[in-house]
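[1] got a structure for you, letters missing:
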């Protein structure tokens, strides 16, 4: 029996539309506790641990942005390193002119959002593969232009000034908190965005673009907004990167490796789910830390796993959990259920 | 005279870029696959050539005879396995899979061959000699050879696609694979053949690049993929001759950029690419304009 006949046969009052099959209010409480625990970590653990966690924060922020792009807006960008680099350079330029890097960070985020607009204008007409390579060319072009300015280090880069006043312990802790704050804000932004009308438009577009357009979803606007938010998010990660590395080097901050890391973490964890990038980041960090002494091997293995996941388990590790337990900790879709029965159908599924 | 020289060098380098773009264009035209591992596969072929010459001591130019068929077979296998698998799922999957392949090949080469640059046939006089045109213009035999190779490959492809039985099959499948399947053509096999041809040209371009410049694991994306893509977009999607025009425009733009400021070579090419993207996104020679 299809949902349509079911719905036709019953009065409207018999239906309930909910966000999730189960009550997941406790997810919010758990998330809050997790954030609090992470926030007090610098008082408990050594700085070697927090600096590894800063790396994880950067990857998680990047991955959730890439998830928004590829998993919800259908925009596979291979040029997000443009924003990582721009974020780092905005912090550097502000620091050279006397703004403390921690205060420069939010300015850098706004700067990246603004920079995303002309870049979107350049690539917005392209789709799928051509969009992917065009963003890559854009990232290379942005790097080549930045390398022309010798006052910000030219092709070799320069150390980040303005942090000499902090004691090493305090600097590590502040960097950690900055990273944590960026990640939490990024995740909350993505979650709120996907639960809004825009999120509904995006999921509708992803499921059937023609139908979505004809129902009045403003597809172009939605995609642009996603590109801008993702640019700002990747810029924030780049700013944290600059602060944690204490130097900015063009070939490092504009490396396509950033896109590889964010894409692989997202694909492995589960594309098109909020939980996916979190799980993917954990997998990424475990592999990276275990294989740290084997140079590029962690990227090779991550790449192979991501290829296998893309081919054989499209919804990633979280998809495996979800398909068994029907569990969504951070629901962004809708469920339609009959009041006296188990759920029959779902609108805006996160399945592709 | 320096400007004339820049333009001549640019046109000839354009042949190399057209050769880069050939495989990318063919794979997109037939399978609608944008192969993000395109450049890394070319570099891989170059490393194959270096390895084969080192092991068997065959003359450098003979290594083509081994590497091109080898890559063609690899192309058929890759298409029938992972690319077809990705295509059966979605276009986005093909992007993720080929991007994964790109990263795996690049880092694999870094791991096994180190980041040092390697040249192909640097001791061969044919590849290093040049002739003079007037007093100020030096033209390398190698560049002329590569340009000629690009024209031959494009002519050959054009002839193959329009005249031969397999060419007709490829065009039929590219137009409508379900209809071709109903008419008895196994489109998966035809895709494999097209990929084999594309990988053959990829091998040629990788080896040509190894002779023209130096190979290193990152050249596949930084240079070959991005230049190939720029050439395809400038020339117009899906047009083989447009690819040559695109390559030449890119080459000339780079040489003129280098003439203004030696460090602006690559940037000048990308800026022309972006300008074309804004002003004429269908490319300088679009299929519609040709008809």
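    Happy to help now that I have it. Source: prediction; values computed, not measured. Numbers count the residues shown, from 1 in each chain, chains lettered A, B, ... in the order given.

[2] which positions in chain A make contact with chain B?
    Proximity of chain A to chain B (CB under 8 Å from any CB of the partner chain) is limited to residues A:70, A:74, A:76, A:78, A:122-123, A:125-126, A:128-130, A:132-134, A:136-138, A:140-141, A:144-145, A:148, A:256, A:260, A:263-264, A:267, A:295-297, A:299-300, A:303-304, A:306-307, A:310-311, A:314, A:352. All C-beta spots, glycine's among them, are computed from the backbone N, C-alpha and C.

[3] quick one, which of those residues are buried?
    Neighbour-count burial (16 or more other CB atoms under 10 Å in any protein chain shown) applied to the residues of chain A next to chain B gives A:70, A:74, A:76, A:78, A:122-123, A:126, A:128-130, A:132-134, A:136-138, A:140-141, A:144, A:256, A:260, A:263-264, A:267, A:296-297, A:299-300, A:303-304, A:306-307, A:310-311, A:314.

[4] take those and keep only those in strands.
    Judged by DSSP state E, the subset of those located in strands is empty.

[5] from the residues of chain A next to chain B, which land in helices?
    For these, the ones inside helices are A:122-123, A:128-130, A:132-134, A:136-138, A:140-141, A:144-145, A:260, A:263-264, A:267, A:297, A:299-300, A:303-304, A:306-307, A:310-311, with DSSP state H as the criterion.

[6] for the stretch 1-150 of chain B, what spans make up the helices?
    In chain order, the stretch 1-150 of chain B shows helices spanning B:2-31, B:38-56, B:63-78, B:84-89, B:91-113, B:125-128, B:141-163, with DSSP state H, counting those that start in this stretch as the criterion.

[7] out of these, flag the one nearest chain A.
    With CB to the nearest CB as the measure, helix B:91-113 is the member of the helices of the stretch 1-150 of chain B nearest chain A (3.9 Å).

[8] do that closest one and chain A meet?
    Yes: contact between helix B:91-113 and chain A, assessed by CB under 8 Å from any CB, occurs at B:91-97, B:99-101, B:103-104, B:107-108, B:110-111.

[9] quick check: residues of the stretch 1-150 of chain B near chain A?
    Neighbours of chain A within the stretch 1-150 of chain B, by CB under 8 Å from any CB: B:28, B:33-34, B:36, B:82, B:85-86, B:89-97, B:99-101, B:103-104, B:107-108, B:110-111.

[10] now do the helices in the stretch 151-291 of chain B.
    Using DSSP H, counting those that start in this stretch, the helices found in the stretch 151-291 of chain B span residues B:165-175, B:177-182, B:187-212, B:219, B:226-235, B:240-260, B:265-279, B:287-290.

[11] chain center to the shortest one: distance?
    Spelled out, it's helix B:219. Here helix B:219 is found 13 Å from its chain centre; the criterion is CA atoms, centre = their mean, to the nearest Å.

[12] mean confidence for that helix?
    Mean pLDDT, taken over the full extent of helix B:219, equals 90.

[13] what helices and strands are in contact with it?
    Here helix B:219 is seen to pack against no other helix or strand when contacts are counted using 3 or more CB pairs under 8 Å, 6 or more residues apart in numbering or on different chains; DSSP states H and E.

[14] OK, contacts around the residue of the stretch 151-300 of chain A found nearest chain B?
    Nearest residue of the stretch 151-300 of chain A to chain B, counting by CB to the nearest CB: residue A:296, 3.9 Å away. When contacts are counted by CB atoms under 8 Å, 6 or more residues apart in numbering or on different chains, residue A:296 touches B:107, B:108, B:110, B:111.

[15] how close does the closest residue in space to the first one that isn't next to it in sequence get to residue B:113?
    What it means is residue B:107. Spatial nearest neighbour of residue B:107, excluding adjacent residues (CB to CB, 6 or more residues apart in numbering or on different chains): residue A:296 at 3.9 Å. Residue A:296 is 11 Å from residue B:113, where distance means CB to CB, to the nearest Å.

[16] most packed of the helices of the stretch 151-291 of chain B?
    Highest mean neighbour count of the helices of the stretch 151-291 of chain B: helix B:226-235, a mean of 28 (counted as mean count of other CB atoms under 10 Å in any protein chain shown).
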